[in-house]
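In: I would like the atomic coordinates for the input below:
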Amino acid sequence: MRTKPFRVHQVFIASELFHMSTQAGPLSHVKVLDLSRILAAPWASQILADLGAEVIKVERPGAGDDTRSWGPPFLKDAEGRPTKEAGYYLAVNRGKRSITVSLDKPEGQRIVKELAKRADIVLENYKAGTLARYGLDEASLRAVNPRLIYCSVTGFGQTGPRRDQPAYDFLIQAMGGLMSVTGEKDGRPGGGPQKVGVPIVDLMTGMYTAVSVLAALARRNETGVGGYIDIAMLDVQVATLANQAMNYLVSGKVPQRNGNAHPNIQPQDVYSCADGDIILVVGNDGQFAKLCQALGKAEWASDEHYATNAQRVRHIDELSAMLRAEFSQWTREKLIAALDAIGVPCGAINNVPEVFQEPQVIERKMLRHVPHPSGVDVPLVASPMRFEGEPLEIRSAPPLLGEHSQAILEELGYKPADIEALRAAEVI
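Out: Numbers count the residues shown, from 1 in each chain. Okay, the predicted model is just below:
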């Protein structure tokens, strides 16, 4: 039990609280309170941090974001010893500050409300109704800050028969139809449904979340009023069925797994050369004619079975057999060079190390190294966004658990004795 009341000393201006960096960025004026964990919503807050927003990440005392322990691999410190930061966590949390707060305790709820008063955006991904029990739901936080944009990210949304159910990327890939169109054809070696090799639904949900809160921010600039956003992973996956959804809706035919072959544009597939595989991506009739010319088979481009994309799709089995026979006589390097020279898209299938050795990736500086509190420089993948005259830099490594608790509470006006009392009561 605490022996004295906790005091909040209101002796600061709002801008002091979110001041991790003075670096400019398109969102350097935006403050984000991130109550989320795992991947989808943290991916969104990382996008906002990359754009210059000041992000405070609220985590559970002692445990933190689940992804901190989702390893191995774990980052190694200067002595080569594993830290408590898993690669999974490091991928999603750069540029943020971390404070630990127990949301189920009144003092912890008070801290979150104080942070919300000074925030522009709140992100959370608790099960529907959970934060209402703590007085941290949209209605409660917007009562203390009417300009707040409050975004809830869940598996199934705030309505519907599954609203109370948890969800993970793998489950949504299955339920949302993605796995039904991903993988090799049934009856072929390795045939059957496959999930995508990265948590693509989480990532796309994070992208839609970031877009949504920025749209709400733009509207608030016109109206002066915040708002509520409900993002569901299943909705996102249904939306991103894209051409496969429309193929079904306009034809009534159920899309099937087709391996690496494109369902609507051909030839696009993996093809084998004499010494390895390449990707061929012919996007139009002109590129197909150039391909035929390079192979010494110009007559294919005028053949009624292959002259147009629609005909190539209908006769792709025959065309692919002809291409495979031709490609088997080329080395991968020579074929890629020949097709690059005439503007036919193609390339090698890189593994992850080869990606970071790709000259284009090096030139674009997609791999960065940032100092980490463990005494090493942590390698991080850069944001792909490029702004003229205002380059985005990684301002800080993903934070240690509660790394900034002391500083944030001091900025809120708490005295050292108050902070120690909060620690003793396991509030932080």
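
In: what is the neighbour count of residue 318?
Out: In terms of burial, residue 318 registers 12 neighbours under the definition other CB atoms under 10 Å. Every C-beta, even on glycine, is put in place using the N, C-alpha and C of the backbone.

In: now the nearest residue to residue 128 once chain neighbours are set aside: which helix or strand?
Out: Residue nearest to residue 128 in three dimensions, not counting chain neighbours: residue 163, with 4.7 Å by CB to CB, 6 or more residues apart in numbering. Residue 163 is part of no helix or strand, with elements assigned from DSSP states H and E.

In: check the secondary structure at residue 423 for me.
Out: helix (DSSP: H, G, I helix; E, B strand; the rest coil).

In: can you pull out the strands in the chain?
Out: In the chain, strands defined by DSSP state E lie at 31-34, 54-59, 74-76, 82-86, 96-100, 121-124, 149-154, 227-232, 268-273, 276-281, 346-348, 367-371, 377-381, listed in chain order.

In: any chance of TSV for those, columns mean pLDDT?
Out: Formatted as TSV, the strands of the chain follow (pLDDT from 0 to 100):
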stretch	mean pLDDT
strand 31-34	98
strand 54-59	98
strand 74-76	97
strand 82-86	95
strand 96-100	98
strand 121-124	98
strand 149-154	98
strand 227-232	98
strand 268-273	95
strand 276-281	94
strand 346-348	93
strand 367-371	96
strand 377-381	97
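
In: of all those strands, which one is nearest residue 24?
Out: strand 54-59 (12.4 Å; CB to CB).

In: any chance of the strands of the chain in a markdown table, plus mean neighbour count?
Out: Below are the strands of the chain laid out as a markdown table (neighbours: other CB atoms under 10 Å):
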| stretch | mean neighbour count |
| --- | --- |
| strand 31-34 | 26 |
| strand 54-59 | 26 |
| strand 74-76 | 18 |
| strand 82-86 | 19 |
| strand 96-100 | 24 |
| strand 121-124 | 27 |
| strand 149-154 | 27 |
| strand 227-232 | 20 |
| strand 268-273 | 17 |
| strand 276-281 | 17 |
| strand 346-348 | 16 |
| strand 367-371 | 14 |
| strand 377-381 | 16 |
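
In: Serialize these to CSV and add fields for distance to residue 242.
Out: As requested, the strands of the chain are exported to CSV (distance: least, CB to CB, whole Å):
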stretch, distance to residue 242
strand 31-34, 29
strand 54-59, 30
strand 74-76, 36
strand 82-86, 32
strand 96-100, 31
strand 121-124, 25
strand 149-154, 21
strand 227-232, 17
strand 268-273, 16
strand 276-281, 17
strand 346-348, 23
strand 367-371, 30
strand 377-381, 25
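
In: so which of those gets nearest residue 258?
Out: strand 268-273 (9.1 Å).

In: what about the residue positioned nearest the centre of the chain, distance to residue 392?
Out: Compute the mean C-alpha point of the chain, and by CA atoms, centre = their mean the closest residue is residue 203, 3.1 Å away. Plainly put, residue 203 is 18 Å away from residue 392 if you go by CB to CB, to the nearest Å.

In: picking that back up, who touches the residue nearest to the centre of the chain in this structure?
Out: 39-40, 43 (CB atoms under 8 Å, 6 or more residues apart in numbering).

In: one more time with 10 Å, if that's ok
Out: Shown in contact with residue 203 (CB atoms under 10 Å, 6 or more residues apart in numbering): 39-40, 43-44, 92, 169, 196, 236.

In: what number of residues lie near residue 164?
Out: 12.

In: I'd say it and residue 128 touch.
Out: Yes: in this structure, residue 164 is within contact of residue 128 by CB atoms under 10 Å, at 6.0 Å.

In: give me the common contacts of these two.
Out: 154, 156.

In: report the residue ranges of every domain in the chain.
Out: Domain ranges of the chain: 14-239+367-424, 268-356, per automatic domain parsing.

In: distance to residue 253 for those domains - can I get that in TSV?
Out: Shown next, in TSV, are the domains of the chain (distance: least, CB to CB, whole Å):
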stretch	distance to residue 253
domain 14-239+367-424	12
domain 268-356	13
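
In: so for residue 250, which of these sits nearest?
Out: Using CB to CB, the nearest of the domains of the chain to residue 250 is domain 268-356, at 14.5 Å.

In: chain neighbours aside, what residue packs nearest to the residue of the chain most remote from its centre?
Out: Computed with CA atoms, centre = their mean, the residue of the chain farthest from its C-alpha average is residue 299, at 45.5 Å. The spatial neighbour of residue 299 that comes closest, neighbours along the chain excluded (CB to CB, 6+ apart), is residue 292 at 7.5 Å.

In: cool, residue 111 as well?
Out: Nearest one to residue 111, counting by CB to CB, 6+ apart, is residue 101 at 5.3 Å.

In: surely that neighbour meets residue 427?
Out: Yes: between residue 101 and residue 427 there is a contact under CB under 10 Å: 6.9 Å.

In: of all the contacts of residue 203, which comes closest to residue 367?
Out: residue 92 (16.7 Å).

In: residues near that closest one, how many?
Out: Count around residue 92 with other CB under 10 Å applied: 24.

In: now do the contacts for the residue nearest to it when sequence neighbours are not counted.
Out: Once flanking residues are discounted, residue 92 sits nearest to residue 42: 4.5 Å by CB to CB, 6+ apart. By CB under 10 Å, 6+ apart, the residues touching residue 42 are 34, 36, 49, 55, 57, 65, 67, 89, 91-93, 96, 123, 125, 153, 202, 206, 209, 398.

In: and with 8 Å instead?
Out: Here residue 42 is in contact with 34, 36, 57, 65, 67, 92-93, 206 (CB under 8 Å, 6+ apart).

In: again, but for residue 73
Out: 86-87.

In: could I get the phi/psi values of it?
Out: Main-chain dihedrals, residue 73, degrees, to the nearest 10: phi -90, psi 160.

In: just the pLDDT at it, thanks.
Out: Per-residue pLDDT puts residue 73 at 97.

In: what distance do you get for it to residue 370?
Out: From residue 73 over to residue 370 (counting by CB to CB), the distance is 17 Å.

In: before we move on, what about residue 271?
Out: 40 Å.

In: and the contacts of stretch 259-275?
Out: Contacts of stretch 259-275 (CB under 8 Å, 6+ apart): 181, 183-185, 188, 243-244, 247, 255, 277-283, 288, 291, 309, 312-313, 316, 319-320, 323-324, 327-332, 335, 349.

In: now list the buried members of those residues.
Out: Buried residues within those, counting neighbours by 16 or more other CB atoms under 10 Å: 181, 183-184, 244, 247, 255, 278-282, 288, 291, 309, 312-313, 316, 319-320, 323, 327, 330, 332, 335.
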